[in-house]
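Engineer: Give me coordinates for this.
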Amino acid sequence: MLLGSGEWVYIVIGAMLIALIILLRALSGPRKLPYRRRERLLTKTETRFYRGLQSAAGDQWTIFAMVRIADVLLVDSKRATGTGWFNRISSKHVDFVICDPESLAVIAAIELDDSSHARPDRIERDEFVEAAFRSAGLPLLRIPTQNKYEITEIRKRIEAAIQ
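Structural biologist: Numbering: from 1, shown residues only. The predicted model follows:
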């Protein structure tokens, strides 16, 4: 079947519109994803504690901040099946992890407790996290937020926990 001259005009115009749309999309670059940079990794209170913790650690320990619990604890596949236990820890984190500086083996974790830890949902979360760390045989220190931290006291608490 042959097309008339008027029909060819519509086909050419349609093809040009499609080419124009493709060209405009290519020139506009990749779509921007809905992410933005976090202003700071730690709150001001956490940063103040982190500085004291670094001083207390000296060269004896390496400190990491905001670590996912799933990167510290593993689900024992001999004792648990399915992904339920992993899912319970995959979106939670601890404020600080203390590691051996040579091997980077985790030797303890620290939760810095502010007033939000008194909320019922946080109490339940904290109880689960404590039980998970206890089950794994990994010390979890809970330290209340303060205006000023005694470096020697922090060090003593860490040493007592890892003995």
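Engineer: alpha carbons only for contacts and neighbour counts from here, please
Structural biologist: Will do.
Engineer: Which residues are in contact with Leu41?
Structural biologist: Neighbour list for Leu41: Met66 [criterion: Cα atoms under 8 Å, 6 or more residues apart in numbering].
Engineer: Next one: it from Ile13, what distance?
Structural biologist: Leu41 is 53 Å from Ile13, where distance means Cα to Cα, to the nearest Å.
Engineer: do Gln146 as well
Structural biologist: For Gln146, the distance to Ile13 (Cα to Cα) stands at 71 Å.
Engineer: Neighbour count for those two, which is higher?
Structural biologist: More crowded of Gln146 and Ile13, by other Cα atoms under 10 Å: Gln146, with 14 against 11.
Engineer: Give me the phi and psi for the more buried one.
Structural biologist: When quoted as degrees, to the nearest 10, the phi and psi of Gln146 stand at phi -140, psi 160.
Engineer: Next secondary structure after the helix ranked longest in the chain?
Structural biologist: Across the chain, the helix with the greatest residue count (assigned by DSSP state H) is helix 5-27. Downstream of helix 5-27, the next assigned helix or strand under DSSP states H and E is helix 44-57.
Engineer: Tell me how many other residues surround the nearest residue to Gln54 once chain neighbours are set aside.
Structural biologist: Closest residue to Gln54 apart from its sequence neighbours, by Cα to Cα, 6 or more residues apart in numbering: Ile63 at 6.9 Å. For Ile63, the count of nearby residues is 20 (other Cα under 10 Å).
Engineer: same deal with Glu130?
Structural biologist: If we define neighbours as other Cα under 10 Å, then Glu130 has 17 of them.
Engineer: Quickly note the distance from Thr152 to Glu39.
Structural biologist: 31 Å.
Engineer: what do you get for Leu141?
Structural biologist: Distance from Leu141 to Glu39, by Cα to Cα: 27 Å.
Engineer: cool, and Glu153?
Structural biologist: Look at Glu153 and Glu39: by Cα to Cα, they are 30 Å apart.
Engineer: neighbour-wise, which of these two wins?
Structural biologist: Between Glu153 and Glu39, counted using other Cα under 10 Å, Glu153 has the larger neighbour count: 11 against 7.
Engineer: Assumed the more buried one was part of a helix.
Structural biologist: Yes - using DSSP: H, G, I helix; E, B strand; the rest coil, the secondary structure at Glu153 is a helix.
Engineer: give the contact list for the spatially most central residue of the chain.
Structural biologist: The centroid of the chain falls nearest to Arg68 when counting by Cα atoms, centre = their mean (5.0 Å). The contact partners of Arg68, taken as Cα under 8 Å, 6+ apart, are Ile89, Ser90, Ser91, Lys92, His93, Val94.
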